[in-house]
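Chemist: build the 3D model from these lines:
(2 chains)
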Amino acid sequence: MFEASPPVIAFVATIAMFTLILLRIPIGLALGLAGFLGYSWLDGSRRAVTMLMALPTEIISAGYSFSVIPLFILMGAVAARTGLSAELFAIAKAAARPGARGTLAVATIGACGLFGAICGSSVATAATMGRIAVPEMRSAGYSPQLATGSVAAGGTLGILIPPSVILVIYALLAEQSVPVLFAAAMLPGILLTILCIFVVKVMVFVKPHWAPPIDIKYAPGERLRIVMRAWKIFGIFLLSIGGLYIGWFSPTEAAAVGAGATILIGVLDRRLKWRELVSAVEETTLTSASLFFIFLGALLYGRFIALTRMPHDLTHFVASLGLSGDLVALLIVFIYLVLGCFLESVSMVLITVPVFLPLLQSVGYDGVWFGILLVVAVEMGLITPPVGMNLFVIRAQTPDVSIPKIAAGALPFLAAQIILVFILVYWPGFTDVLPDLLKVPGR
Amino acid sequence: MAWRMTVTHALRRVCHVLSGLALAAMLCVTLYEVIGRKLFGISFVGIVDVISFCVMWTTMLGIALAWSQRAHIVVDLLDMTGSPIVIAFLDILTRIVGIVVMPLLVWLAWYEFRDVMSFGDTTPEIGIPVSWFWAAVIVGYGLSTIFLLIDSPRSASSKNV
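Modeler: Down below sits the predicted model:
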């Protein structure tokens, strides 16, 4: 085959991969093809085939770890079908200040944060909360921009607040501990929720006509009664994620217990019928399999990238530039922001982690910190046009609101995410606070 | 053609049922292990093997279903042109690439399947034959090929980004 140096082969294969992705080839297949052909070019087809056939064996041995993903997806899929979202919105509404401007948007962000505690997917969070919150906000006279934008942005909290499917995928790929990552994500998740609420307040201050004050009347003690209904969500969260930290469960068991408890509550509340359960199982199978397919392709591509020594060369190149660690981290976030305009979140993680993780480790950051930064950076992509996934999810539910309008409502929330990025970059210890406090094993 | 629809529906149904059962088994076995260990102090020997086995079948059948239902994750920037010719071209291209790659993977998996069969490899805990795991790979990729060959041209929407 045509001789070329490893960096050239890495460059050509990466361009080929992006071309295939743009040609609508499934991302897993594009990654796998680029990885396999690049490996063949570099090391011969016989070795490439050997490496290809070793993958399922590795997956077989990693099957137990991978089972966390379908079980957490099942938990979210069931929660989305049991009417918990409507209840959460009512709870958040009762907890927010009635009569203030933007109360419903604040309640939406709060409800999204709570839903994120039982659902590890931002798309599922946005889709589920969108069905409940957007019609109510619009009937209260909220502008379409604020109504849709707050759900699109609030949905992104789903992948940062544990359990998070993306963090599990990152943990598998970067060989990090799931409990440590979940603990590390908790405080940034809460802080981001508060920052998003602050953004809502600023938005309604600048454009008061976007959120007319509404008069919500509660009988004495009614607000407290409604808020107390949140015990189910907290119960599931404490049992599943809490059990993980007090050492009762492994991540797989925590996911199974969470899914089991969500199903049980749905059945006891008579909100989960057989048809919904079957539909949740079907959705789980399809979502897990499409993630697994990308994961297989990314493993192949990752092996090829490692063979080209691209991460090593990149690390040396960056070291030769004499850039500080925080600047490197901010540059990487910028790259994610650009990539997020064209790629979906899981693919972005799987394509970039083999390259960026060694680079950031070389400038002094650790894998757990990078996992959290990565998720925040990926969240930005979810609300950035042209392929911000959450924008499309909300658009599908509100066909009369255009994508530019939804984006206009969602983009101010980028400010909250950017603030969080700066906090993470300039105070990396922020992600260590809770893991250290909880003394999570694996830290 | 009617036979295509019939075969596709039947295969999809089988895949949904089997993958759903594997997922349900994954959930039930894990819960059984947790309850048994916490309440009765008994442990389910071989849980790692059983869960890995279920994961393999759920995901491999799911990969085939995802081909059939166009649920694999794609970037559909070019779809935004709205041109039916572009959309049809991209669909055909995906099928051609899939039809080339998936049978190749089946063929390679078959070799591996025969190897592990002849060596009699088993899982460490309870001795599930490794060939049963490879069977999942063959069935998943094989069904993917069948779906790619017999499914009608693009009509449903994919899981887009």
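
Chemist: neighbours of residue B:107, how many?
Modeler: For residue B:107, the count of nearby residues is 11 (other Cβ atoms under 10 Å in any protein chain shown). C-beta here means a position set from N, CA and C on the backbone, and glycine is covered the same way.

Chemist: tell me which element it is part of?
Modeler: In the assignment (DSSP states H and E), residue B:107 maps to helix B:84-119.

Chemist: does that helix reach chain A?
Modeler: Yes: using Cβ under 8 Å from any Cβ of the partner chain, helix B:84-119 reaches chain A at B:90-91, B:93-94, B:97-98, B:101, B:108-109, B:111-112.

Chemist: residues contacting residue 66?
Modeler: In the absence of a named chain, this looks at chain A. Residue A:66 makes contact with A:59, A:172, A:292, A:295, B:55, B:59, according to Cβ atoms under 8 Å, 6 or more residues apart in numbering or on different chains.

Chemist: wait, chain B was what I had in mind.
Modeler: Going by Cβ under 8 Å, 6+ apart, residue B:66 touches A:286, A:289-290, A:293, B:72.

Chemist: now do the buried residues in the helix or strand of chain B with the lowest mean pLDDT.
Modeler: When each helix and strand of chain B is scored by mean pLDDT, DSSP states H and E, helix B:84-119 comes last, with a mean of 90. For helix B:84-119, a neighbour-count test (16 or more other Cβ atoms under 10 Å in any protein chain shown) marks B:87, B:90-91, B:94-95, B:97-98, B:101-103, B:105-106, B:108-109, B:112-113, B:116 as buried.

Chemist: and stretch A:333-345, by the same measure?
Modeler: So stretch A:333-345, judged by 16+ other Cβ under 10 Å, has buried residues A:333, A:336-337, A:339-340, A:342-345.

Chemist: inside helices: which ones of these?
Modeler: Those of the buried residues of stretch A:333-345 mapping onto helices are A:333, A:336-337, A:339, A:345, per DSSP state H.

Chemist: where does chain A dip in pLDDT?
Modeler: The model of chain A has pLDDT under 70 over residues A:1, A:387, A:442-443.

Chemist: where's residue A:122 relative to residue A:128, distance?
Modeler: According to Cβ to Cβ, to the nearest Å, residue A:122 and residue A:128 sit 11 Å apart.

Chemist: also residue A:22?
Modeler: 30 Å.

Chemist: continuing past the helix or strand hosting residue A:20, what's the next helix or strand?
Modeler: With elements taken from DSSP H and E, the one containing residue A:20 is helix A:6-22. Heading C-terminal from helix A:6-22, the first helix or strand you meet, by DSSP H and E, is helix A:27-43.

Chemist: so how far is that following helix from its chain's centroid?
Modeler: Offset of helix A:27-43 from its chain centre (Cα atoms, centre = their mean, to the nearest Å): 26 Å.

Chemist: for the following helix or strand past that helix, output the C-alpha coordinates as PDB.
Modeler: On the C-terminal side of helix A:27-43, the nearest following helix or strand under DSSP H and E is helix A:45-61. Provided in PDB are the C-alpha atoms of helix A:45-61 (Å, rounded to 0.1, in the frame of the first residue of the first chain):
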ATOM      1  CA  SER A  45      -4.600  -5.900   7.000                       C
ATOM      2  CA  ARG A  46      -3.700  -9.200   8.800                       C
ATOM      3  CA  ARG A  47      -3.000  -7.300  12.100                       C
ATOM      4  CA  ALA A  48      -6.000  -5.100  11.600                       C
ATOM      5  CA  VAL A  49      -8.300  -8.100  11.300                       C
ATOM      6  CA  THR A  50      -6.700  -9.700  14.400                       C
ATOM      7  CA  MET A  51      -7.400  -6.400  16.300                       C
ATOM      8  CA  LEU A  52     -10.900  -6.300  14.900                       C
ATOM      9  CA  MET A  53     -11.700  -9.800  16.000                       C
ATOM     10  CA  ALA A  54     -10.300  -9.100  19.500                       C
ATOM     11  CA  LEU A  55     -12.900  -6.400  20.100                       C
ATOM     12  CA  PRO A  56     -15.900  -8.700  20.800                       C
ATOM     13  CA  THR A  57     -13.800 -10.700  23.200                       C
ATOM     14  CA  GLU A  58     -13.000  -7.500  25.100                       C
ATOM     15  CA  ILE A  59     -16.600  -6.500  25.000                       C
ATOM     16  CA  ILE A  60     -17.600 -10.000  26.400                       C
ATOM     17  CA  SER A  61     -15.300  -9.400  29.400                       C
END
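
Chemist: now the very next helix or strand once past helix A:45-61: buried residues?
Modeler: Sequence-wise, the next helix or strand downstream of helix A:45-61 (DSSP H and E) is helix A:63-66. In terms of neighbour count (16+ other Cβ under 10 Å), helix A:63-66 has its buried residues at A:63-66.

Chemist: before we move on, what about stretch A:404-423?
Modeler: Within stretch A:404-423, the residues that count as buried by 16+ other Cβ under 10 Å are A:405-414, A:416-417, A:420-421, A:423.

Chemist: same question for stretch A:309-322.
Modeler: So, applying 16+ other Cβ under 10 Å, buried residues of stretch A:309-322: A:310-311, A:314-315, A:318.

Chemist: low pLDDT regions in chain B?
Modeler: Applying pLDDT under 70 to chain B flags residues B:1, B:152-161.

Chemist: next up, the contacts around residue 56.
Modeler: In the absence of a named chain, chain A is used. By Cβ under 8 Å, 6+ apart, the contact set of residue A:56 is B:109, B:112, B:133-134, B:137.

Chemist: hm, I was asking about chain B
Modeler: When contacts are counted by Cβ under 8 Å, 6+ apart, residue B:56 touches A:59-60, A:63, B:133, B:136-137.

Chemist: for those, could you give me TSV that also reports distance to residue A:145?
Modeler: Formatted as TSV, the contacts of residue B:56 follow (distance: Cβ to Cβ, whole Å):
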residue	distance to residue A:145
A:59	44
A:60	49
A:63	45
B:133	51
B:136	48
B:137	48
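
Chemist: which pair in these spans the largest distance?
Modeler: For the contacts of residue B:56, the farthest-apart pair by Cβ to Cβ is A:63 and B:137; their separation is 12.1 Å.
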